[in-house]
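>>> Kindly generate the corresponding structure for this input.
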Amino acid sequence: MKKLKMLSGECWWGGRVPDGCNMPFDEKSCIKIDIRGRAAENDQSASMFLSSCGRYIWNDNPFAIEFNNGEITLSDEGDSPFEIKEGFENLRGAYLAAMKAHFPFSDKLPDKLFFTAPQYNTWMALGTAQTTENILKYAQDILDEGYPPGVLMIDGGWQEDYGVLEFHKGKIPDPALLVYKLHKMGFKVMLWTSPIVSGAGDRFKLLRKKGYLLKTKDGEIAIRRWWSGFSPMIDFTNPEAVEWMYEQLDSLVERYGVDGYKFDAGDASLYADDDIIYKPMPARNQTTAFNLMGEKYSFNEFRAAHNSGGRPIVARLHDKMHNWDDRGINTLIPNTTVQTLLGYAYCCPDMVGGGTYGSIDGIDEELFIRWAQTNALMPMMQVSLLPSRVLSEKSSEIVKKYIMLHKKFGEYIYGLAEESAKSGEPIFRCMEYQFPNEGFEHTNDQFMLGNEYMVAPVVKKGVTKREVKFPKGEWLDEAGNVISAKGGETLTFDAPIDKLLYFVKKN
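Below is the predicted model:
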């Protein structure tokens, strides 16, 4: 156990992405974050915390941290020592120092299409009804409505069974033809997959015989609860199991032309610290092993990751609810802030409107519009429910405007991604990161895209005006009007339902 005293005015970010709405932690905070063990929520995480005063805390293994009225207590049950470093001036300095020491970027990044076009996911639109007819109609509707093609993710329901990586013959009898047609339309095709295996049948028997499945501390096959039931899990700390998985995935690429994979599950909640596995490690680090397996494919997506900052993976925020203030739109900016500070630069907010299946009981059109606006100038933008299918014509056109705005900024965003792969600098930047010592520590409803664009979306219901806090300098609004700021000024702007406020820094 270690204890630290917080510095005057110091703020901290880190640990688990879903806790972003409670951050930063300051001298008044009384909260405990435990990165160890089995999390209750799908997330990305890292065993790291960063300070606005230029300090960072790192451990190779998960740990617990408690903020209690200006005192920080660190707890760790493993044998990995804490690294507590200081002297880096500010949040950006702490991030860059930690990044270079612990998760340097590799000069590799996911495929360009993730950044330059919208992504389309069939989950909310189709559920498990992933048939050839439904998928092709979904893709054709996208084009017919004037949206650009992009990455198309065929979600759970396409395969024979969990762990059986073959197309369901009744749903998709000719996979090669389906993928060919989607390619002809201009889409790249990704398939849902996971480390989960059905607990019966020939595939389960094969993996059990080979010793590729997790076992409990008692030596029995581990059966873990997830959203669809109870299932065994593949042990990706075992290099032979990894090679077996590659054989299955590569076969789909070679036979049918599949471009990549949405790697679902893999959460720490599915693992246990005392699992019997090929290479013993904490539950969270099993998630890291899952990330390492999947990063081989330039078309990849994870919503669970640990200590994988700097790696060429797409990190999507965990599934959001279709609401304003309970795991909904309110989480997008603060959670993406933590994502990027933990090194997940190639990040994607969840699907516009929310991606928790069954959570939408009637569409809130205002929410859907504001969600699209919030996502428009983030590194990636993902859609499942097509606006014209769930919104009025007027609302649908507003959402389309902002999906196309993301497309317009695509090359600029990809340029930032290329720079990120070299320097480690985030694409999305919280205000405190970009403008230290200007009072932005607790600003969590506006953000920077690179170092030029400041974005201030509306994320509260019924709001048609909003305050924007300006850093020092000259800024241009969308119409080219100049706003001169000495630093810290808060100005109020009209923000009707069809308007996203964003400003560009004048050189």
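>>> Give me the contact list for stretch 356-364.
Stretch 356-364 is contacted from outside by 123-124, 127, 319-323, 327, 353-354, 385, 390-391, 461, using CB atoms under 8 Å, 6 or more residues apart in numbering. (Each C-beta comes from the backbone N, C-alpha and C, glycine too.)
>>> most surrounded residue in the residues you listed?
Highest neighbour count within the contacts of stretch 356-364: residue 353, with 28 neighbours (other CB atoms under 10 Å).
>>> Kindly provide the distance from that one to residue 87.
Plainly put, residue 353 is 44 Å away from residue 87 if you go by CB to CB, to the nearest Å.
>>> now residue 276
From residue 276 to residue 87 the distance is 43 Å (CB to CB).
>>> can you list the weak-confidence ranges in the protein?
37-42, 77, 359 (pLDDT under 70).
>>> Now do the helices in it.
Counting by DSSP state H, the chain has these helices, from start to end: 91-102, 113-116, 123-126, 132-144, 175-185, 202-210, 239-256, 283-294, 332-341, 365-376, 387-390, 393-408, 410-423, 431-434.
>>> quick one: the closest residue to residue 15 other than its chain neighbours and residue 348, what's the gap?
Nearest-residue entry for residue 15: residue 33, 4.6 Å, with adjacent residues in sequence omitted and distances by CB to CB, 6 or more residues apart in numbering. Residue 33 is 24 Å from residue 348, where distance means CB to CB.
>>> so what's residue 449 up against?
Contacts of residue 449 were listed using CB under 8 Å, 6+ apart, and they are 377-378, 409, 413, 416, 427-429, 455.
>>> no wait, residue 375
Counting by CB under 8 Å, 6+ apart, residue 375 touches 332, 349, 352, 381-382, 402, 406.
>>> Make JSON lines from the residues you listed and add neighbour count and distance to residue 236 to it.
Compiled in JSON lines, the contacts of residue 375 are given as follows (neighbours: other CB atoms under 10 Å; distance: CB to CB, whole Å):
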{"residue": "332", "neighbour count": "24", "distance to residue 236": "30"}
{"residue": "349", "neighbour count": "25", "distance to residue 236": "27"}
{"residue": "352", "neighbour count": "29", "distance to residue 236": "31"}
{"residue": "381", "neighbour count": "28", "distance to residue 236": "30"}
{"residue": "382", "neighbour count": "24", "distance to residue 236": "25"}
{"residue": "402", "neighbour count": "24", "distance to residue 236": "38"}
{"residue": "406", "neighbour count": "23", "distance to residue 236": "33"}
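>>> Distance to residue 109 added to these, as TSV?
Conversion of the contacts of residue 375 to TSV gives the following (distance: CB to CB, whole Å):
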residue	distance to residue 109
332	22
349	18
352	23
381	17
382	17
402	24
406	18
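>>> Which of these sits closest to residue 253?
Nearest to residue 253 among those, counting by CB to CB, is residue 382 at 22.2 Å.
>>> Tell me how far the closest one lies from residue 152.
Applying CB to CB, one obtains 11 Å for the distance of residue 382 from residue 152.
>>> For residue 453, see how far away residue 69 is.
Relative to residue 453, residue 69 is positioned 38 Å away (CB to CB).
>>> So residue 276 and residue 87 - more neighbours on which side?
Between residue 276 and residue 87, counted using other CB under 10 Å, the more crowded position is residue 276 (16 against 10).
>>> ok, the residue lying closest to residue 59 once chain neighbours are set aside - contacts?
Across the structure, with CB to CB, 6+ apart as the measure, the residue nearest residue 59 apart from its sequence neighbours is residue 47 (4.6 Å). Residues near residue 47 by CB under 8 Å, 6+ apart: 15, 35, 58-63, 284, 306-307.
>>> domains for the protein, by residue range?
Residue ranges for the domains of the chain, per automatic domain parsing: 2-102, 113-194+237-420, 426-505.
>>> Okay, now the last one: how far is its last residue from its first?
Read that as domain 426-505. 17 Å (CA to CA, to the nearest Å).
>>> got it, and the second one?
With CA to CA as the measure, domain 113-194+237-420 spans 16 Å from end to end.
>>> The contacts of residue 47 into TSV, with extra columns for distance to residue 135 and neighbour count?
What follows is these, written out as TSV (distance: CB to CB, whole Å; neighbours: other CB atoms under 10 Å):
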residue	distance to residue 135	neighbour count
15	38	26
35	38	27
58	44	23
59	44	22
60	42	18
61	42	20
62	39	28
63	44	26
284	35	27
306	32	28
307	35	26
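>>> Closest one to residue 140 out of the residues you listed, please.
Of all the contacts of residue 47, the one with the least separation from residue 140 (CB to CB) is residue 306, at 38.7 Å.
>>> Wait, the closest one touches residue 287, no?
Yes. The pair residue 306 and residue 287 qualifies as a contact (CB atoms under 8 Å) at a distance of 4.2 Å.
>>> Mutual contacts of these two, please.
The overlap between the contact sets of residue 306 and residue 287 (CB under 8 Å, 6+ apart) consists of 45, 268.
>>> Show me the two of the contacts of stretch 356-364 that sit farthest apart.
Taking CB to CB, the two most distant members of those are 127 and 461; they sit 27.4 Å apart.
>>> before we move on, the earlier item: when residue 33 and residue 348 are compared, which one has more neighbours?
When residue 33 and residue 348 are compared on other CB under 10 Å, the one with more neighbours turns out to be residue 348, at 25 against 19.
>>> Bridge partners for the more buried one, pull those for me.
Here residue 348 sits in beta bridges with residue 316, as judged by DSSP bridges.
>>> tell me the contacts of it?
Listed by CB under 8 Å, 6+ apart, the contact set of residue 348 reads 114, 119, 301, 314-317, 378-382.
>>> which one of the residues you listed sits closest to residue 43?
Taking CB to CB as the measure, residue 43 sits nearest to residue 317 out of the contacts of residue 348, at 8.8 Å.
>>> In stretch 257-276, which residues are buried?
257-273, 275-276 (16 or more other CB atoms under 10 Å).
>>> same question but for stretch 366-386, I mixed them up
Buried residues in stretch 366-386 (16+ other CB under 10 Å): 367-386.
>>> Can you show me the CA trace of that stretch as CSV?
C-alpha atoms of stretch 366-386 as CSV (Å, rounded to 0.1, in the frame of the first residue of the first chain):
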residue,chain,number,x,y,z
GLU,A,366,-34.1,15.4,-30.2
LEU,A,367,-31.7,13.0,-28.5
PHE,A,368,-30.9,11.2,-31.7
ILE,A,369,-30.0,14.5,-33.4
ARG,A,370,-27.9,15.8,-30.6
TRP,A,371,-26.1,12.4,-30.5
ALA,A,372,-25.2,12.7,-34.1
GLN,A,373,-23.9,16.2,-33.6
THR,A,374,-21.8,15.1,-30.7
ASN,A,375,-20.3,12.2,-32.7
ALA,A,376,-19.8,14.2,-35.9
LEU,A,377,-16.3,15.6,-35.1
MET,A,378,-15.1,12.7,-33.0
PRO,A,379,-12.4,10.4,-34.5
MET,A,380,-15.1,7.9,-35.7
MET,A,381,-18.8,7.8,-36.2
GLN,A,382,-20.9,4.7,-36.2
VAL,A,383,-24.6,4.2,-37.2
SER,A,384,-26.9,1.3,-36.9
LEU,A,385,-30.5,2.6,-37.0
LEU,A,386,-30.9,4.6,-40.3
